[in-house]
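Student: From the sequence below, what's the structure:
(4 chains)
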2 protein chains.
Amino acid sequence: MSRASDRAYDHIRSMILSGELQSGSQIREEALAELCGVSRTPVRDALRRLETEMFVRRNESQRSFVADWSLDDLEDAFQLRAMLEAHAAKRAAARISRDQLARMRFHNAQLKQAIDASRPDVPKFLDNNRLFHALILEAAASERLASMLLQVTEQPVVLRTARQYDLENLRRSHHEHDEVLIAFDNRDGDWAAAVMTAHIRRAFHAYAEAHSTNTEIGKSNMAA
Amino acid sequence: MSRASDRAYDHIRSMILSGELQSGSQIREEALAELCGVSRTPVRDALRRLETEMFVRRNESQRSFVADWSLDDLEDAFQLRAMLEAHAAKRAAARISRDQLARMRFHNAQLKQAIDASRPDVPKFLDNNRLFHALILEAAASERLASMLLQVTEQPVVLRTARQYDLENLRRSHHEHDEVLIAFDNRDGDWAAAVMTAHIRRAFHAYAEAHSTNTEIGKSNMAA
DNA sequence: CGAATGGTATTTGTATACAATAAGCTATCG
DNA sequence: CGATAGCTTATTGTATACAAATACCATTCG
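Tutor: This is a model prediction of the structure:
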């Protein structure tokens, strides 16, 4: 992470997420290089990565622009995510080890603690939520699937909506995780997949509903 | 395509597919640069692309290696492909235009001609097969889905098996395409998805069966 | 004899200069 | 007045030199 291209990547990515670089605006390699304090070479590297992750888009003559994301994009990303996470859950049900299951239980318990505290500890929730889902992916044992899922969870549209939560949604997430665990205990891949689909789709609709009364992006509920 | 980095990409990719660069072997940027007749800069560019496409893998200290693919990888890729193509078919059923449908029919007819000829015209079959599937993807109208599908169809494991065919499998493909078209006519997304899943999985098993009696990769049946 | 250490060679990462290409602008012609 | 050809500027692409990191090997020390 000390390599210049990684710093450039992180810097540009966070500038996009924060809105410092406006959606749709052109970005020039040299300007970014100055902003990041590196030369164009690592910036080009970073831009290529951000392009495959759909943070950046290039026109036919190779100019780069900050991608702009619509609500359709969000639904699209969530639909794919639901499908992929369900698939992961199904595969995981057939492959997961005792140890992995134990670790999943641990993270779901931690996540419950974060909610049950007098004031919900959202960062703690998010962290354990992330680890819970990561363990499913690990148990699913498909590198390709993992890289695809990364593509739809690390989308700007998703990340920018994953900031605020209401308690009700956090609790539901916890219970849905519990149900996934029971499905795993029973090695019931179809059950696990169905719960996971519902889990992701609920998260999407929680967002969409909040969004319909609040057009500002990034102020919505979305925990999966 | 006249840019040096594109030439490097094509060159390296074809060297990997042809086996000229052996699976698992390390590849050095400078050596590739000489082979491609360009400098290291565009080679690095090409390697990054090939890495995201899983043609090339890098170890923890950034050395690059030609990826090696197992039968498990093949099944994995096909499983994901079946899921994604089914999803595409379902979306397409709800969105496809008259014109797109007409073009799909045309390509399926051409594909039939290629089989019915006294000697099957495999390249013609493949071309129209590709265009048929591309139209579904176009009608599905999801850029993300398209890029993911590319990731599993452009895999070395898949490409190296997509060379030889038997007539029986070609005919089945044609009929399955016909059924997809009928499902589209009826705007029945679930039907279209089911047919597509079967279509891809049949292709996989045709390969797997052939492979079990012929361990040499690249000499098998697989048309989807 | 095995492990740790240091030096050397190999390989990748970065900066920079220059080349190629595309965009924008101005002047000219229909 | 509108379109377009040609020039100018802006931007990306490539080559190359050098810096940094890593691997490889030999040697020494426990």
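
Student: ok, and the closest non-adjacent residue to the residue nearest to the spatial centre of chain A?
Tutor: Central residue of chain A (C-alpha atoms, centre = their mean): A:Thr153, 2.9 Å from the mean position. Leaving aside its chain neighbours, A:Thr153 sits nearest to A:Arg81 (6.3 Å; criterion: C-beta to C-beta, 6 or more residues apart in numbering or on different chains). In short, each C-beta sits where N, CA and C put it, glycine included.

Student: tell me, how many neighbours does the one you found end up with?
Tutor: By other C-beta atoms under 10 Å in any protein chain shown, 25 other residues sit near A:Arg81.

Student: I'd say it and A:Glu154 touch.
Tutor: No: A:Arg81 lies out of contact with A:Glu154 (C-beta atoms under 8 Å); the separation is 10.7 Å.

Student: so after the helix or strand of chain A with the lowest mean pLDDT, what's the next helix or strand?
Tutor: Lowest mean confidence among the helices and strands of chain A (mean pLDDT, DSSP states H and E): helix A:156-159, at a mean of 68. Heading C-terminal from helix A:156-159, the first helix or strand you meet, by DSSP states H and E, is helix A:167-185.

Student: tell me what that following helix is packed against?
Tutor: Here helix A:167-185 touches helix A:71-95, helix A:98-116, helix A:122-140, helix A:189-212, going by 3 or more C-beta pairs under 8 Å, 6 or more residues apart in numbering or on different chains; DSSP states H and E.

Student: Now do the contacts for the nearest residue to A:Asp190 once chain neighbours are set aside.
Tutor: In space, and not counting its chain neighbours, A:Asp190 is closest to A:Lys90: 6.8 Å by C-beta to C-beta, 6+ apart. By C-beta atoms under 8 Å, 6 or more residues apart in numbering or on different chains, the contact set of A:Lys90 is A:Gly189, A:Asp190, A:Ala192, A:Ala193.

Student: Please tell me how far A:Lys90 sits from B:Gly189.
Tutor: Distance, A:Lys90 to B:Gly189, by C-beta to C-beta, to the nearest Å: 21 Å.

Student: again, but for A:Asp188
Tutor: 26 Å.

Student: Look at the two and report which has more neighbours.
Tutor: B:Gly189 (19 against 16).

Student: secondary structure class for the residue lying farthest from the centre of chain A?
Tutor: The C-alpha centroid of chain A is most remote from A:Ser61, which lies 30.7 Å away (C-alpha atoms, centre = their mean). Three-state assignment for A:Ser61 (DSSP: H, G, I helix; E, B strand; the rest coil): coil.

Student: so where's chain A uncertain?
Tutor: In the predicted model, chain A carries pLDDT under 70 at residues A:1-2, A:157-165, A:210-224.

Student: How is it partitioned into domains?
Tutor: For chain A, automatic domain parsing gives the domain ranges A:4-66, A:71-212.

Student: Return the set of buried residues in stretch A:186-195.
Tutor: Within stretch A:186-195, the residues scored as buried using 16 or more other C-beta atoms under 10 Å in any protein chain shown are A:Asp188, A:Gly189, A:Trp191, A:Ala192, A:Ala193, A:Ala194, A:Val195.

Student: which residues does A:Cys36 contact?
Tutor: A:Ala4, A:Arg7, A:Ala8, A:His11, A:Ile12, A:Pro42, A:Val43, A:Ala46 are the contacts of A:Cys36 under C-beta under 8 Å, 6+ apart.

Student: if you look at the residues you listed, which of them are in strands?
Tutor: Among the contacts of A:Cys36, no member falls in strands (criterion: DSSP state E).

Student: Can you tell me which of the residues you listed is closest to DNA strand C?
Tutor: A:Ala4 (3.0 Å; C-beta to the nearest atom of the strand).
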